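Asker: here you go, sequence then predicted model.
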Amino acid sequence: MSMPFVAGARLEPQWWQHESQVAAVLELLTVLRELPAAPLPVVHLADRAVRLHRELETIAPGLARRWDASLHGCFGEWQREPALALEALGCFVHGDLSTDNLLGTPEGGLVLLDFEYAHRGHRLEDLAGLVVSGAVPTDQWRDWLSAQDRPLFETLLRTRALLDGLWTDLAMTLTGNAAAARAH
């Protein structure tokens with residue numbers, strides 16, 4: 001697969017401190033949420049974490065155990081939260097939204113790359129991935145959400161942080177390269 005060259009640069013490391021970049025990111029998320037999701041598989045974030053944990057447990061049981069409490073906590077939160085039930089997972093989700101997969105264009109727009117994890121999921125899942133990957137402080141992202149969505153979003157953040165940690169440990173175990181695993 002190929003795509004034409006797109007002129008652009010990575011978002012600034014602290015993109016959330018720039019109103020124009022925040023507006024562009026939030027606009028991009030709105031557009032993503034409106035894409036047709038029906039042809040995509042449903043991926044439950046908690047199930048994704050469980051699968052990664054099982055893979056890690058198979059090759060590095062001791063390393064996997066350090067994630068047990070976080071995994072059980074997140075899974076329990078998902079089971080108790082009706083807004084995270086399977087029926088609520090009908091939105092187009094990029095699945096790997098991070099600053100590594102966003103280019104800012106010279107015109108001020110954004111180009112999104114790397115759709116290999118695209119699926120139907122929760123409407124706030126991509127925002128959670130971007131907040132976790134960019135270490136966006138709470139006082140910044142709270143204004144992007146309604147008061148009703150904030151507790152739910154915090155569950156998504158914890159689950160996404162768990163996923164990223166499991167993925168990093170799994171990649172490090174498989175490659176033996178800690179720096180490369182953290183860079184992903």
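Answerer: Here it is on my side, so go on.
Asker: which element is the residue nearest to the spatial centre of the chain on?
Answerer: Centroid check for the chain by CA atoms, centre = their mean gives Gly129 as the closest residue, at 2.4 Å. Counting by DSSP states H and E, the element that carries Gly129 is helix 125-134.
Asker: from memory the residue nearest to the centre of the chain sits against Asp96, does it?
Answerer: Yes. The pair Gly129 / Asp96 is scored as a contact, 6.9 Å apart, by CB atoms under 8 Å. C-beta here means a position set from N, CA and C on the backbone, and glycine is covered the same way.
Asker: so which residues of this protein form helices?
Answerer: 19-34, 45-59, 61-65, 68-80, 125-134, 138-141, 150-175, 178-183 (DSSP state H).
Asker: comparing those, which comes out most buried?
Answerer: Sort those by mean neighbour count, taking mean count of other CB atoms under 10 Å, and helix 125-134 sits at the top with a mean of 23.
Asker: and stretch 5-19, what's buried?
Answerer: 8, 11, 15-16 (16 or more other CB atoms under 10 Å).
Asker: and these as CSV, adding distance to Thr30?
Answerer: Output for the buried residues of stretch 5-19, formatted as CSV (distance: CB to CB, whole Å):
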residue, distance to Thr30
Gly8, 20
Leu11, 17
Trp15, 17
Trp16, 17
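Asker: now, which of these sits nearest Arg158?
Answerer: Arg158 lies nearest to Trp16 out of the buried residues of stretch 5-19, by CB to CB, at 19.2 Å.
Asker: find me the pLDDT at the closest one, would you?
Answerer: Note for Trp16: predicted pLDDT of 92.
Asker: ok, Asn101 next?
Answerer: pLDDT, read off for Asn101, is 89.
Asker: Asp149 against Leu124, yeah?
Answerer: Yes. Counting by CB under 8 Å, Leu124 is a contact partner of Asp149 at 6.5 Å.
Asker: now the end-to-end length of stretch 84-103.
Answerer: With CA to CA, to the nearest Å as the measure, the first residue of stretch 84-103 is 30 Å from its last.
Asker: looking at the buried residues of stretch 5-19, point me to the pair that's furthest apart.
Answerer: Greatest spatial distance among these (CB to CB): Gly8 and Trp16, at 18.5 Å.
Asker: in the sheet, who's paired with Leu103?
Answerer: Arg10, Val111 (DSSP bridges).
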